[in-house]
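Peer 1: Dropping a prediction and its sequence here:
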Amino acid sequence: MYTEDDFIMISALQHYIFCPRQCGLIHIDDVWQDNLFTVRGEILHEKVDTDSYETRGDVKTVRGLRIHSYKYGIVGRCDVVEFKDTSKGKEILPVEFKAGEPKEDISDKVQLCAQVLCLEEMLNVEISKAAFFYGKIRRRNIIEITTELREQTQDVISKVRELVDNKKVPIIEYSSKCRNCSLISICQPKAMNKKKLNRYIQDLFQQ
């Protein structure tokens, strides 16, 4: 079990999958900078991060629910959690709002699975499904919380914890996804190319 001092943000998992260096800059060096993509996301989340709830029929909807897990040492908040009364008891469905569309990598799914792990621990329940609402396509997308996804999520949590505990921001090589990163001007990935750094260090010793 972890203590609250050990908690890492659930958002760090998504940052790590996108780029370990981005994760390090944000969660070790406390660096952040907005771009068009992050602003779109913030505008969408303003509509759901309200710490409120409402009941319609047999569904209670809670917005901005703060969550944590002592088992995994993670903390964050759910955009929306729906509690539905069924003949078998409460059916719980976390819903994460995204400004864009479904991603090819597992970053969104890992983030949502981490929320499920927290809710299961806090409420002593089992959750088999969760959902995204993607603003670009205006559609809800249900995903299965499989054993494989749970294992992938736990693996990412371990890697992020190791990164944060080591307090070393990794070096990465420039790639096409760097163009969409809000931290590109701070990160300067082209300047951080390992080959260029090695040549620079060698030149220093030769002087």
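Peer 2: Noted; the coordinates are in hand.

Peer 1: Return the set of buried residues in the longest strand anywhere in the chain.
Peer 2: Among the segments of the chain that qualify as a strand by DSSP state E, the longest is strand 74-86. By neighbour count with 16 or more other CB atoms under 10 Å, strand 74-86 contains the buried residues I74, V75, G76, R77, C78, D79, V80, V81, E82, F83. Where C-beta positions appear, they are placed from N, C-alpha and C, glycine not excepted.

Peer 1: pLDDT (mean, whole number) over that strand?
Peer 2: Mean per-residue pLDDT for strand 74-86: 95.

Peer 1: what about the helices in the protein?
Peer 2: Secondary structure of the chain (DSSP state H): helices at 11-18, 20-27, 36-46, 107-123, 147-166, 184-187, 194-206.

Peer 1: returning to what we had before: who does the longest strand of the chain pair up with?
Peer 2: Within its sheet, strand 74-86 is paired with strand 8-9 (parallel), strand 59-69 (antiparallel), strand 89-98 (antiparallel), according to DSSP bridges.

Peer 1: got the angle between that strand and helix 107-123?
Peer 2: 70 degrees (axes from the mean of the first three to the mean of the last three CA atoms, to 10 degrees).

Peer 1: pLDDT weak spots in this protein?
Peer 2: 32-51, 191-207 (pLDDT under 70).

Peer 1: deepest of the strands paired with strand 74-86, which one?
Peer 2: strand 8-9 (a mean of 20; mean count of other CB atoms under 10 Å).

Peer 1: mind checking how far that one is from the chain centre?
Peer 2: Strand 8-9 sits 9 Å away from the centroid of its parent chain (CA atoms, centre = their mean, to the nearest Å).

Peer 1: hang on, isn't G76 packed against S69?
Peer 2: No. Applying CB atoms under 8 Å as the test, G76 and S69 come out as separate, 9.5 Å apart.

Peer 1: so what's in contact with these two at the same time?
Peer 2: Common neighbours of G76 and S69, counting by CB atoms under 8 Å, 6 or more residues apart in numbering, are A114, C118.

Peer 1: so how far is the first residue of stretch 67-75 from its last?
Peer 2: Start to finish, the residues bounding stretch 67-75 are 6 Å apart (CA to CA, to the nearest Å).

Peer 1: Could you do stretch 56-76 as well?
Peer 2: End-to-end distance for stretch 56-76: 26 Å, by CA to CA.

Peer 1: picking that back up, and the angle from the longest strand of the chain to helix 11-18?
Peer 2: If you take the same axes, to 10 degrees, strand 74-86 sits at 110 degrees to helix 11-18.

Peer 1: what residues does strand 74-86 touch?
Peer 2: By CB under 8 Å, 6+ apart, the list of residues contacting strand 74-86 from outside reads 4, 7-11, 13, 45, 48-49, 58-69, 90-97, 114-115, 117-119, 157.

Peer 1: for stretch 159-168, same thing?
Peer 2: Contacts to stretch 159-168, defined as CB under 8 Å, 6+ apart, come from residues I8, A12, L13, Y16, P20, C23, G24, H27, I28, G73, P170.

Peer 1: quick one: contacts for the fourth one?
Peer 2: Contacts were defined as CB under 8 Å, 6+ apart; by that measure Y16 touches C23, V156, K159, V160, L163.
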